[in-house]
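Student: Sequence first, then the predicted structure:
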Amino acid sequence: MRLSVHDLACRRGGLPVLAGVSFTVEAGEALVLRGPNGVGKTTLLRTLAGLQPAAAGRVEVPEDSIAYAGHADGLKAALSVRANLAFWAAAYGTRDIAPALAAFDLERLLDRPAADLSAGQKRRLGLARMTVTGRPVWIFDEPTVSLDTANTRLFAEMVARHLAGGGLALMATHIDLGIAAQVLDLTPFRDTGTGGPEAGAGDAFLDGSF
């Protein structure tokens, strides 16, 4: 399993945001995106997830291999925790929701409607659904929003298990998750309006841990 991005350019609202973005993430690896607000992290992740077209370049990844968790939790408010997970499991052709429940200690909330969950509980449920997708490539946009310290740790453990099983992960986060990861600073890839990235973009790819 591999995700390769080649000279990718992205737009937001019809305006250029990023240009010349290239990287490769292999099975078992994680990549963390960094950069100031508005640099294009969400735009890049949405482009990689296929939610909007790229302005240029290409993304190489096996078909139907990506699961995306963005700012919205993707929940049906009238359905219970159990029914929400069952819905997503059926949508992705899987059946067992037990790993999702265990990932964020959701067993005690099984029959509670999503509408009655706290912001943190909704976030936990939204992230837990990634485990029922069966997809090897996980993409997260600020996944720890509304999570306390204990549940941030559970999220990190969930991602670590996914990586250990041969999956890969991309995420935009400023939280230190304690996960070995490559770090890509998007600042040098900002489109300056000339159709290309800022000078020095080739030096933006770093090794690190998050």
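Tutor: Alright, I've got the coordinates.
Student: going forward, measure contacts between C-alpha atoms and count neighbours the same way
Tutor: Fine.
Student: All the strands of the chain, in order from the start?
Tutor: 2-12, 15-26, 30-34, 56-60, 66-69, 137-141, 168-172, 180-185, 205-209 (DSSP state E).
Student: Let's have those in JSON lines, adding distance to Val81, mean pLDDT and mean neighbour count.
Tutor: As requested, the strands of the chain are exported to JSON lines (distance: least, C-alpha to C-alpha, whole Å; pLDDT from 0 to 100; neighbours: other C-alpha atoms under 10 Å):
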{"stretch": "strand 2-12", "distance to Val81": "32", "mean pLDDT": "96", "mean neighbour count": "19"}
{"stretch": "strand 15-26", "distance to Val81": "33", "mean pLDDT": "96", "mean neighbour count": "20"}
{"stretch": "strand 30-34", "distance to Val81": "28", "mean pLDDT": "96", "mean neighbour count": "23"}
{"stretch": "strand 56-60", "distance to Val81": "34", "mean pLDDT": "96", "mean neighbour count": "16"}
{"stretch": "strand 66-69", "distance to Val81": "17", "mean pLDDT": "95", "mean neighbour count": "22"}
{"stretch": "strand 137-141", "distance to Val81": "21", "mean pLDDT": "97", "mean neighbour count": "24"}
{"stretch": "strand 168-172", "distance to Val81": "25", "mean pLDDT": "97", "mean neighbour count": "24"}
{"stretch": "strand 180-185", "distance to Val81": "31", "mean pLDDT": "95", "mean neighbour count": "19"}
{"stretch": "strand 205-209", "distance to Val81": "33", "mean pLDDT": "52", "mean neighbour count": "13"}
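Student: Name the stretch from these that approaches Ala77 most closely.
Tutor: Nearest to Ala77, of all those, is strand 66-69, at 16.9 Å by C-alpha to C-alpha.
Student: Which strands and helices lie in contact with the closest one?
Tutor: Other elements packing on strand 66-69 under the criterion 3 or more C-alpha pairs under 8 Å, 6 or more residues apart in numbering; DSSP states H and E are strand 137-141.
Student: May I ask which helix or strand of the protein has the lowest mean pLDDT?
Tutor: For the chain, the helix or strand with the lowest mean confidence is strand 205-209, at a mean of 52 (criterion: mean pLDDT, DSSP states H and E).
Student: who's in contact with the residue nearest the centre of the chain?
Tutor: Taking C-alpha atoms, centre = their mean, the centroid of the chain lies closest to Phe140, which sits 1.6 Å from it. Phe140 makes contacts with Leu45, Tyr68, Ala69, Gly70, Ala169, Leu170, Met171, Ala172, as judged by C-alpha atoms under 8 Å, 6 or more residues apart in numbering.
Student: distance of Val137 from Ala55?
Tutor: Distance, Val137 to Ala55, by C-alpha to C-alpha, to the nearest Å: 22 Å.
Student: likewise Asp96?
Tutor: Distance from Asp96 to Ala55, by C-alpha to C-alpha: 38 Å.
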